[in-house]
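Undergrad: From the sequence below, what's the structure:
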Amino acid sequence: MGIFSRFADIVNSNINAILDKAEDPEKMVRLIIQEMEDTLVEVRSTSAKTLAEKKELVRRVDTLKAQVNDWQDKAELALSKDRDDLARSALLEKQKSADAVAAVESELDHVESHIEKLQQEVTTLQEKLADAKARQKAIILRQRSAESRLEVKKALDSSKVDDALNRFERYETKIDGLESQIESYDLGKQTLADEIADLQKNEKIDDELAELKKKLANK
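TA: Below you'll find the predicted structure:
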């Protein structure tokens, strides 16, 4: 009964509900699959024993039926020799063998029904096992992904990140100050490019001034 009780628990159980309550879904998946595989081995072993029992019962039925026919022949032989007493005894033995045949056949029917149920249970368990194995990798990947995301969430919510950002901003402010100091040293100083640019501007002004004087002179 232990095998079939455990088998019923596995077949009737909702794997998702088990995983929801589990502290370690990955471990629970492995345990469920291992339990299914162990139960499948036990059910198949029981099926093999039951099939052997069926064969033994079939042999007993054949033997008893042969005895029925044998006592029938003996009864007929006794009657042919005018031995009614022996014929009667032979018929009594025939009846015993016939009753035994009926009893064994009834037991055989029970065994065959049991074998049919075992076969159905094996098929159902194989389907459940295949489903669990197909979902095992997906469940493990989902768990690991969720754990990684949770760690990231925890890290982002921690004060360490805020402290790091504050330090980063302080460094930026410090660098801005250094750059400002560098720029202050260059104030009032003209580079060669600046001086040439000024000459170009002055030359343009001189040209415009000359043009203006020429225009006025013509008037």
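
Undergrad: pLDDT score assigned to residue 106?
TA: Listed pLDDT for residue 106 reads 93.

Undergrad: I meant to write residue 147 there.
TA: We note a pLDDT of 70 for residue 147 in this prediction.

Undergrad: packing partners for the helix or strand where it lies?
TA: Per DSSP states H and E, residue 147 falls inside helix 84-157. In terms of contacts (3 or more Cβ pairs under 8 Å, 6 or more residues apart in numbering; DSSP states H and E), helix 84-157 is packed against helix 2-12, helix 15-21, helix 25-80. The way it works is simple: take the backbone N, C-alpha and C, and place the C-beta from them, glycine included.

Undergrad: same thing but 6 Å
TA: helix 25-80 (3 or more Cβ pairs under 6 Å, 6 or more residues apart in numbering; DSSP states H and E).

Undergrad: any idea of the mean pLDDT in the helix it packs on?
TA: 89.

Undergrad: what inclination does that helix have with respect to helix 84-157?
TA: On the basis of axes from the mean of the first three to the mean of the last three Cα atoms, to 10 degrees, helix 25-80 is oriented at 170 degrees to helix 84-157.

Undergrad: Please shift the residue numbers so they start at 751 in all later answers.
TA: That works, and once the first residue is 751, the last one we named lands at helix 775-830.

Undergrad: by contact count, what packs against helix 775-830?
TA: helix 752-762, helix 834-907.

Undergrad: what's the closest of the ones you listed to residue 959?
TA: In terms of Cβ to Cβ, the element of these nearest to residue 959 is helix 834-907, at 67.4 Å.

Undergrad: Contact partners for the closest residue to residue 855 other than its chain neighbours?
TA: Distance criterion Cβ to Cβ, 6 or more residues apart in numbering; nearest residue to residue 855, sequence neighbours excluded, is residue 811 at 5.9 Å. With contact taken as Cβ atoms under 6 Å, 6 or more residues apart in numbering, residue 811 is in contact with 851, 854, 855.

Undergrad: Of those residues - the most surrounded one?
TA: Counting neighbours by other Cβ atoms under 10 Å, the top entry in those is residue 854, with 20 neighbours.

Undergrad: Just the pLDDT for the spatially most central residue of the chain.
TA: For the chain, the residue nearest the mean C-alpha position is residue 886 (1.8 Å; Cα atoms, centre = their mean). Note on residue 886: pLDDT of 75.

Undergrad: Over to residue 845?
TA: Looking at residue 845, its pLDDT is 95.

Undergrad: wait, what's in contact with it?
TA: Residue 845 makes no contacts at all, as judged by Cβ under 6 Å, 6+ apart.

Undergrad: Okay, it and residue 836: tell me how far apart.
TA: Using Cβ to Cβ, to the nearest Å, one gets 15 Å for the distance from residue 845 to residue 836.

Undergrad: again with residue 889
TA: 77 Å.

Undergrad: if we can go back for a sec, so how far is residue 842 from the residue nearest to residue 855?
TA: Distance of residue 811 to residue 842, given as Cβ to Cβ: 20 Å.

Undergrad: domain ranges for the protein?
TA: What automatic domain parsing lists as the domains of the chain is 752-908, 913-968.

Undergrad: tell me the most buried of those domains?
TA: Mean neighbours per residue, mean count of other Cβ atoms under 10 Å, is largest over these for domain 752-908, with a mean of 14.

Undergrad: one step back: tell me the one of the contacts of residue 811 nearest residue 791?
TA: Ranked by distance to residue 791 (Cβ to Cβ), the contacts of residue 811 are led by residue 854 at 30.3 Å.
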